[in-house]
Each structure stands twice: as C-alpha cells, then as structure tokens.
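[1] No sequence on hand, only this structure:
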C-alpha cells in the first residue's frame, strides 16, 4: 500500500520549521531572519520529502507487481508441465 506523501511531508516540514526556529532563537538571531530561514527550510523539506516518498512508493509498487508477475509465471509453468 502506498504511503501518504502529503501527510508525511507536512509532518516533517512542520518539525523542521520549529527545529530551525528554536535553533535560531537559541543563537540570538533576529526574529525576522529566524522566521525567514525556518520558512525556507520548511518549503525545502516539504519538496524533498514528497519526492523521496514518491520514489519509495514507486519502488514498493514495482516490487509488488514483480512479485505478482513471478507468482503468475510460476503457476503458468507448473500448469504446462516441465519444458522439454
């Protein structure tokens, strides 16, 4: 079953936003710069996570299809008997 890319990406990007905000606050960066950096990190994280989850879904679905095709081919070979 494919993973939900929007939910995973949104969760990761919100976590990164707060993490970058906290790190900026600890390092005495001005609130505007801190917010700007956090927003940029959030957008980049969202895009990267969506792409990674799409790739993982692609791999998982291809593996599932390949396994089903192999099962069908094995049944077909057993149905026809040994090849001579």
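    Cool, the structure landed. Just so you know, these numbers come straight off a predicted model, no measurement behind them.
[2] just checking, what packs against the helix or strand encompassing residue 41?
    Using DSSP states H and E, residue 41 sits within helix 31-80. Packing partners of helix 31-80 (3 or more CB pairs under 8 Å, 6 or more residues apart in numbering; DSSP states H and E): helix 5-26. All C-beta atoms are positioned from the backbone trio N, CA, C, and that covers glycine.
[3] Rounded mean pLDDT for the helix it packs on, please.
    For helix 5-26, the mean pLDDT works out to 94.
[4] what comes up buried for that helix?
    5, 8-10, 12-13, 16-17, 20-21, 24 (16 or more other CB atoms under 10 Å).
[5] so which of those would you say is closest to residue 64?
    Closest approach to residue 64 among these (CB to CB): residue 5, at 17.3 Å.
[6] correct me, but the closest one touches residue 56?
    No. Applying CB atoms under 8 Å as the test, residue 5 and residue 56 come out as separate, 9.0 Å apart.
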